[in-house]
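Enquirer: Just the structure for this:
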Amino acid sequence: YNNILNSDIKAGAKIIINGRRGSITGGNTYAFIGIEAQNLGNVARMKTFIKMGLDDDIMTKYNAIVSKITDIEKEINILTSAHQDIQKKHPPEVRNVMDMFIKIEKAIVLKNKHLKEAIDEKEKLQKDIDTARSCKAIVKGNVYEGVMFSIDNSKWRSPGIKNVIIEKKIDATSVNVLFK
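Expert: Numbers count the residues shown, from 1 in each chain. The predicted structure is shown next:
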């Protein structure tokens, strides 16, 4: 048998339980992208919690990087303003040997490098968020009563159904169940 019984599982991608009797029964299961299984839960209605999609960790990271980008941009603006002030007040032969001017130029280059790195990290996180928002559970057999789904904090409790795809539409606030 291929099954997960009364376990706490966390996957950064998709959980696939193969086989005719592949099932997840009991416990807490989290999958970033989704789940494929024959059955979820059991006839005894064992409490089975399935969570998919976004979690607090990725949103915390995303919000932190957005804040970091804002801070870096402010710092670049301050440095650029100081750079321009020195340029206005001093001819090139004077300012090009000023320690302060040279330090400001180096700081601007470094801050721009940090900004590019932060923007790249934000774009990667955004791709991960978009991937997580398209998560779904494909269940070829039964989703028994006692199974509770949470997708991006939208919740759905199974009434006991068969052969379904469970997902959350990107613009929706509720879980969508599609019968195959």
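Enquirer: hang on, K122 packs against S67?
Expert: No: contact between K122 and S67 fails when scored by Cβ atoms under 8 Å: they sit 10.6 Å apart. No exception for glycine: its C-beta is placed from N, CA and C like everyone else's.
Enquirer: who's more crowded, the two?
Expert: Each of K122 and S67 has its neighbours counted (other Cβ atoms under 10 Å); K122 has more, 17 against 11.
Enquirer: Identify the residue nearest that one in space, chain neighbours excluded?
Expert: Here the nearest residue to K122 in space, its sequence neighbours aside, is I65; by Cβ to Cβ, 6 or more residues apart in numbering that works out to 4.8 Å.
Enquirer: Checking my notes, that neighbour in a helix, right?
Expert: Yes: residue state for I65 (DSSP: H, G, I helix; E, B strand; the rest coil) corresponds to a helix.
Enquirer: what sits against it?
Expert: Neighbouring residues of I65 by Cβ atoms under 8 Å, 6 or more residues apart in numbering: A118, E121, K122, L125.
Enquirer: What about the second one, how many residues nearby?
Expert: Yep, that's E121 we're talking about. E121 has 16 neighbouring residues, counting by other Cβ under 10 Å.
Enquirer: how much space between it and N63?
Expert: Going from E121 to N63 by Cβ to Cβ, to the nearest Å gives 12 Å.
Enquirer: got it, and the third one?
Expert: With distances defined as Cβ to Cβ, the gap from K122 to N63 amounts to 10 Å.
Enquirer: just Y30 next, same as before
Expert: According to Cβ to Cβ, Y30 stands 20 Å off from N63.
Enquirer: The two: who's more crowded?
Expert: The residue with more neighbours, out of Y30 and N63, is Y30; 18 against 11, by other Cβ under 10 Å.
Enquirer: does that one really touch I9, like I thought?
Expert: Yes: assessed by Cβ under 8 Å, Y30 is found in contact with I9 at 6.8 Å.
Enquirer: Can you show me the helices along this structure?
Expert: Here the chain has its helices, by DSSP state H, at 56-89, 92-95, 99-133.
Enquirer: Would you reformat those as a markdown table and include distance to I165 and mean pLDDT?
Expert: Listed next are those as a markdown table, based on distance: least, Cβ to Cβ, whole Å; pLDDT from 0 to 100:
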| stretch | distance to I165 | mean pLDDT |
| --- | --- | --- |
| helix 56-89 | 23 | 96 |
| helix 92-95 | 65 | 93 |
| helix 99-133 | 15 | 95 |
